[in-house]
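J.: Quick one: sequence plus predicted model below, questions after.
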Amino acid sequence: MRIEPLADAVEVELTPPLDKEQGNFKNKPKTVWRDVKDIEVKEGIPRGKVIAFNAPPTLAAAAAPAADPATAPTVAPGDAPAGGRGGRGGRGGGSRACWVYIPAGYKEGDVLPFMVDHDGRADAVVQVQLIAAMDILIAEKKIPMMAAVFIAPVSRSPEYDTVSGVYADYLEKIVLPLAEKTGNLKLTKDPDARGAIGQSSGSPAAFGMAWFHTPAFNRIISYSGSWTQLQKSATAPKGAQEYQDSLIPNTEKKPIRIWMEVGSDDLNNQFGDWRIQNNAFANALKAKGYSYQFLWSEGAMHVEAGVEKQTMLEAVEWVWKTYKAK
């Protein structure tokens, strides 16, 4: 079934303009999405380092007596050992694979803004491209010096698609302290200096961190967000579709800033139509006066790698451009 972009979507050549604080946009590749090249970190730009580590898979597992999780050696960006993506967790049996990115030039003791990335995997497009984008944008002083934490799922849809703050609480209590210990750094508690990025079901995971958790994560990036009925509950009978149907319209506006994308050939299955629900999500944001950019990518499928490569730099810069250090 052909679904159209929102009627007011403005066509852009590559990415939405950085100076637009709210709006709907549409784009397409110069040739085809698979031809879009990786973000290039030019010679001379300082590279951050990435350290892989393991975390207990759940709060309950963390409470059980156990030795400290083993920490892997420092590795170059993109070269960390691949962690698990699905049901078995990450490396090392009953543990979760994670990575922490420490920006070049970080001084021990400084408190850093940071982003959390879901569906962590060392060779995942979103992880590799986000690291490259941060290296470039930090060097160009277009974003603050910041860290990033990448987290592999264990029980993906129940963790990511459930509409609650439970998963965010686990990250706050277990993963982030381990990231600080592993990277010998300090992560801020300031909601305006905390962000999250997700793709597919990772988008509700990221947005739940903004919506339910304290301290919140106010800066969000979403690719092919699953604002659909994947995980229903008594408090969210339509799953993550409740965000655009009831939660956003019926709740006082929160200080959330979100950049989001969907493909014209995105998913449509028994849980919903990703295109329709992303359109509805954007409409709910617009009606409530949120700062948002929504990009409709023509010819793009679900979590299209070429879209991430073409837009990641601008998405990260836009979502952080209002940040002011305190």
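T.: That came through, no problem. Numbers count the residues shown, from 1 in each chain.

J.: Helices of the stretch 101-250 of the chain, residue ranges please.
T.: 125-139, 156-161, 166-170, 176-183, 202-211, 242 (DSSP state H, counting those that start in this stretch).

J.: any chance of those helices in JSON lines, plus mean pLDDT and mean neighbour count?
T.: C-beta: built from backbone N, CA, C; applies to glycine. Listed next are the helices of the stretch 101-250 of the chain as JSON lines, based on pLDDT from 0 to 100; neighbours: other C-beta atoms under 10 Å:
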{"stretch": "helix 125-139", "mean pLDDT": "98", "mean neighbour count": "22"}
{"stretch": "helix 156-161", "mean pLDDT": "97", "mean neighbour count": "20"}
{"stretch": "helix 166-170", "mean pLDDT": "96", "mean neighbour count": "20"}
{"stretch": "helix 176-183", "mean pLDDT": "98", "mean neighbour count": "20"}
{"stretch": "helix 202-211", "mean pLDDT": "98", "mean neighbour count": "27"}
{"stretch": "helix 242", "mean pLDDT": "98", "mean neighbour count": "20"}
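
J.: want to throw those into CSV with distance to residue 24?
T.: Below are these laid out as CSV (distance: least, C-beta to C-beta, whole Å):
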stretch, distance to residue 24
helix 125-139, 23
helix 156-161, 25
helix 166-170, 28
helix 176-183, 34
helix 202-211, 17
helix 242, 22
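
J.: Confidence-wise, which helix or strand of the protein is lowest on average?
T.: strand 71-75 (a mean of 42; mean pLDDT, DSSP states H and E).

J.: Let me know the secondary structure of residue 50.
T.: Following DSSP: H, G, I helix; E, B strand; the rest coil, we place residue 50 in the strand state.

J.: Next, count neighbours for it.
T.: Applying other C-beta atoms under 10 Å, we find 23 residues neighbouring residue 50.

J.: how close does it get to residue 126?
T.: 14 Å (C-beta to C-beta, to the nearest Å).

J.: pLDDT below threshold where in the stretch 1-150 of the chain?
T.: Applying pLDDT under 70 to the stretch 1-150 of the chain flags the ranges 65-93.

J.: do that again at 80, thanks
T.: The stretch 1-150 of the chain contains residues with pLDDT under 80 at 1, 64-94.

J.: need the strands for it, in chain order.
T.: Ranges of strands in the stretch 1-150 of the chain, per DSSP state E, counting those that start in this stretch, are 10-11, 22-27, 49-55, 71-75, 96-102, 111-112, 114-118, 147-151.

J.: Next, the angle from the last one to helix 125-139.
T.: Yep, that's strand 147-151 we're talking about. Orientation check (axes from the mean of the first three to the mean of the last three C-alpha atoms, to 10 degrees): strand 147-151 against helix 125-139 gives 170 degrees.

J.: what's strand 147-151 in contact with?
T.: With contact meaning C-beta atoms under 8 Å, 6 or more residues apart in numbering, strand 147-151 is reached by 55, 96, 98-103, 106, 112-118, 120-121, 127, 130-131, 134, 171, 175-176, 179, 183, 185, 187.

J.: Brilliant, that's me finished.
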